[in-house]
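Asks: got a sequence here, can you model it:
(one chain, ligands or ions: 1)
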Amino acid sequence: MIDAELKIDVVIIGGGILGLLVARESKIRNPESEIVIFEETSFLGDATSGRNSGVMHAGIYYEKDSLKQVLCRKGLALWRCLAPELGINFSQCGKFIFADSHVLGEDSEAILRELLVKAHNNGAKDVRIATSSELKEIQAYCQASMALLSPSTGYLDVASAIHALEREITKLGVHIERRAKIKSLRTLPHNLIELNLDDYAGFKS
Ligand SMILES: Cc1cc2nc3c(=O)[nH]c(=O)nc-3n(C[C@H](O)[C@H](O)[C@H](O)COP(=O)(O)OP(=O)(O)OC[C@H]3O[C@@H](n4cnc5c(N)ncnc54)[C@H](O)[C@@H]3O)c2cc1C
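Replies: Numbering: from 1, shown residues only. Below is the predicted model:
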């Protein structure tokens, strides 16, 4: 519960992984600032962030120099450093991309070779064609005539990441308001912003 008199400097709408990371970075850069995260559900990461597969992509598929490709590569490198700082598991397990001719048709191997070139152009230089013994390994699970191996694709335990970030930003002094849905906002003179919350009874008076 936040004090009704609190002068809020930064409002973050949504306590998903991005909201938590933005809160952490803003508080580290400006420790004196009062930051509040308003999250409409009862749990942080309860929407998309807590329900994805946790794959830390290497930027293979995106268009070269697109924001997605650039941020994907940057994000992978940043998470490698951040995960141990937060004490959470980042597994650099790698990933196979295989050619299933039932799905891709006769061109399946040509499509994989094109993808290999794209991966290298996108900075994922370690992506390579899987060796025959690696291919044999995955053939136990699927019908693959060829596969690419991306050694630097990783896996992050997202639930642990969200809990660790929640603990850290709480310690840093970020306020987290749950069951607090922002209905609308409006800019006012003197750099003020008015927030309208749905059914919110959270302010201490
Ligand atoms: C099926 C699927 C699989 C995916 N797999 C991967 C993957 O393997 N690897 C990967 O890196 N990415 C993956 N993604 C993408 C990734 O999940 C998202 O990029 C990421 O979760 C976005 O985080 P976020 O914080 O922006 O959004 P969210 O996690 O959706 O957080 C937004 C939060 O805002 C809250 N909110 C919304 N409106 C309001 C309001 N008005 N007031 C208050 N609170 C509000 C919501 O309740 C929610 O908690 C996947 C996405 C999907 C859909």
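Asks: measure E168 to L21 for me?
Replies: 10 Å (CB to CB, to the nearest Å). To be clear about C-beta, it is placed using only N, CA and C from the backbone, and glycine gets the same treatment.
Asks: buried residues, stretch 121-139. List them.
Replies: 122-124, 127, 130, 135 (16 or more other CB atoms under 10 Å).
Asks: ok, stretch 151-171 next?
Replies: Per 16+ other CB under 10 Å, stretch 151-171 contains these buried residues: 152-156, 158, 160-162, 164-166, 168-169.
Asks: element containing Y200, please.
Replies: Using DSSP states H and E, Y200 sits in no helix or strand.
Asks: ok, it to G19 distance?
Replies: Y200 is 17 Å from G19, by CB to CB.
Asks: who's more crowded, those two?
Replies: When neighbours are counted by other CB atoms under 10 Å, Y200 and G19 differ, and G19 comes out ahead with 21 against 16.
Asks: is the residue nearest to that one when sequence neighbours are not counted in a helix, a strand, or coil?
Replies: In this structure, G19 finds its nearest non-sequential neighbour in I12, 4.7 Å apart by CB to CB, 6 or more residues apart in numbering. State at I12, reduced to three classes by DSSP: H, G, I helix; E, B strand; the rest coil: strand.
Asks: residues near I12, how many?
Replies: 22.
Asks: quick check: beta-bridge partners of it?
Replies: Per DSSP bridges, the residues bridged to I12 are I37.
Asks: touching, it and I37? I think so.
Replies: Yes: the criterion here is CB atoms under 8 Å, and I12 meets it with I37 at 4.5 Å.
Asks: can you list residues touching both of the two?
Replies: Jointly contacting I12 and I37 under the rule CB atoms under 8 Å, 6 or more residues apart in numbering are 19, 23.
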